[in-house]
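K.L.:
For reference, the sequence and a predicted model appear below.
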Amino acid sequence: HTIRNLALALVGEVGELCECFQWKGEVSDGLVGWSRTDRVHLGQELSDVLLYLLRLADKAQIDLPQAALDKLSLNAAKYPAKLVKGSSKKYNEY
């Protein structure tokens with residue numbers, strides 16, 4: 001698989017993941033009221049997304065755990081909790 005094809009396949013899998021929530025309205029933490037079948041299906045779709053994401057990162061030679069840590073640090077600096085908590089302002093507005 002090429003990097004481009006993996007990225008496009010990932011988008012398709014995210015679409016399938018979203019279908020798990022279609023017509024359900026808001027979903028509470030813990031998936032209260034979901035059947036075992038629906039939970040298993042959600043787990044399968046999440047796994048598909050994860051597997052494509054990991055393969056894409058591998059093919060692109062991106063250290064995904066490090067990239068995630070770097071992004072968390074960047075976000076912490078860009079969106080300091082004491083300034084943004086409870087606000088919907090854009091990062092350049094505070």
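P.N.:
That came in fine, so what should we check first?

K.L.:
same for the host helix or strand of Leu51, what does it pack against?
P.N.:
Assigned by DSSP states H and E, Leu51 belongs to helix 36-59. Using 3 or more C-beta pairs under 8 Å, 6 or more residues apart in numbering; DSSP states H and E as the contact criterion, the neighbours of helix 36-59 among helices and strands are helix 3-19, helix 64-78. All C-beta atoms are positioned from the backbone trio N, CA, C, and that covers glycine.

K.L.:
JSON lines for those, including mean pLDDT?
P.N.:
Listed next are these as JSON lines, based on pLDDT from 0 to 100:
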{"stretch": "helix 3-19", "mean pLDDT": "98"}
{"stretch": "helix 64-78", "mean pLDDT": "95"}
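
K.L.:
Give me whichever of those helices is most buried.
P.N.:
helix 3-19 (a mean of 14; mean count of other C-beta atoms under 10 Å).

K.L.:
Can you pull out the residues in contact with that one?
P.N.:
Contacts of helix 3-19 from elsewhere in the structure, counted by C-beta atoms under 8 Å, 6 or more residues apart in numbering, are His1, Leu42, Glu45, Leu46, Asp48, Val49, Tyr52, Leu53, Arg55, Leu56, Lys59, Ala60.
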